[in-house]
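A.B. asks: Curious how this folds, go ahead:
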Amino acid sequence: MSDCEGEEEQFDSALGTKEFWDQRYNLELSNFTENGDEGEVWFGRSAENRVIKFLSEQKVDKDVAILDVGTGNGSMLRRLREKGFTKLTGIDYSEGAIELSKELAEQDDYDGDVEIEFLVTDLIKEESDEELRNRFDVILDKGTWDAISLAGDRNERLKNYRNSIVSFLRQNDMADIPLEPRYFVICSCNFTKDELIELFQCEDLQFDSEVAASHSISFGGRCGVTSTVVVFRKD
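C.D. replies: Numbering: from 1, shown residues only. Just a heads-up that it's a prediction; the model follows:
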């Protein structure tokens, strides 16, 4: 893999710590148990709609293996299940998030037989999770990199995060039978398209496209969107 890293301005925030998200999802799990509240849909439905739009426009087969990293309450995967996708996995380093995801997936208003797999794993550990290597055709990130980048060791986190993403994407083990392109789709409210390209484009991940938002906001006479969705491709 080529070196895609540059000098980064460093930030420290509670949002960049596992302790914050453990407390957050333990509270959301408690709220769900007591009140049936599924918790916050990170970035809202509009970001999920943009991911679904990309998969639809690319005519991605419904039986491809999809991984949602930092799955939170599993909302993205439950939406994809409703759309007919059948091989769905969500990971998070917070056990509370995974427990909440499992509860919500089981109690969801869904009458099919597709089960979503939820696993606890840490994307930013030095060695990627062996159980997940070479398994997925599409990997989704909806705000996860935004959160884990908010720490003083961001460069090290980026290296480990990107290594996990690349290793989890399915490898082409048979050169004479090329795979369809595999995709890494990242949604961010902290980074622009150009910044995401600078962070993630390397030998194994090439910029493919930006997924435009269907709506924009206007403030002070200027129009813009609240998040950026960028697609990288592994051929």
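A.B. asks: chain center to the helix or strand containing residue 23: distance?
C.D. replies: Here residue 23 sits within helix 18-35, counting by DSSP states H and E. With CA atoms, centre = their mean, to the nearest Å as the basis, helix 18-35 stands 20 Å off its chain's centre.
A.B. asks: Next, the buried residues of it.
C.D. replies: 21, 24, 25, 26, 28, 29, 32 (16 or more other CB atoms under 10 Å). Heads up, the C-betas are built off the backbone N, CA and C, glycines and all.
A.B. asks: Spatially, which residue comes closest to the third one, not counting chain neighbours?
C.D. replies: Closest residue in space to residue 25, ignoring its immediate chain neighbours: residue 96 at 3.4 Å, by CB to CB, 6 or more residues apart in numbering.
A.B. asks: again, but for the fourth one
C.D. replies: Distances taken as CB to CB, 6+ apart place residue 96 nearest to residue 26, at 4.3 Å, with adjacent residues excluded.
A.B. asks: Now do the helix or strand hosting the one you found: which elements does it pack against?
C.D. replies: Using DSSP H and E, residue 96 maps to helix 95-107. Judged by 3 or more CB pairs under 8 Å, 6 or more residues apart in numbering; DSSP states H and E, helix 95-107 is in contact with helix 18-35, helix 75-82, strand 87-92, strand 117-120.
A.B. asks: make it 6 Å
C.D. replies: When contacts are defined as 3 or more CB pairs under 6 Å, 6 or more residues apart in numbering; DSSP states H and E, helix 95-107 packs onto helix 18-35, strand 117-120.
A.B. asks: For the first one, list the C-alpha coordinates in PDB.
C.D. replies: Coordinates of each C-alpha in helix 18-35 appear next as PDB, following Å, rounded to 0.1, in the frame of the first residue of the first chain:
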ATOM      1  CA  LYS A  18     -14.300   4.400  23.200                       C
ATOM      2  CA  GLU A  19     -15.400   5.400  26.700                       C
ATOM      3  CA  PHE A  20     -17.700   8.100  25.300                       C
ATOM      4  CA  TRP A  21     -19.400   5.700  22.900                       C
ATOM      5  CA  ASP A  22     -19.700   2.900  25.500                       C
ATOM      6  CA  GLN A  23     -21.500   5.400  27.800                       C
ATOM      7  CA  ARG A  24     -23.600   6.700  24.900                       C
ATOM      8  CA  TYR A  25     -24.800   3.300  23.700                       C
ATOM      9  CA  ASN A  26     -25.300   1.900  27.200                       C
ATOM     10  CA  LEU A  27     -27.700   4.900  27.800                       C
ATOM     11  CA  GLU A  28     -29.400   4.300  24.400                       C
ATOM     12  CA  LEU A  29     -29.800   0.600  25.200                       C
ATOM     13  CA  SER A  30     -31.300   1.400  28.500                       C
ATOM     14  CA  ASN A  31     -33.700   3.900  26.800                       C
ATOM     15  CA  PHE A  32     -34.700   1.300  24.300                       C
ATOM     16  CA  THR A  33     -35.300  -1.300  27.000                       C
ATOM     17  CA  GLU A  34     -37.400   1.100  29.100                       C
ATOM     18  CA  ASN A  35     -39.200   3.200  26.400                       C
END
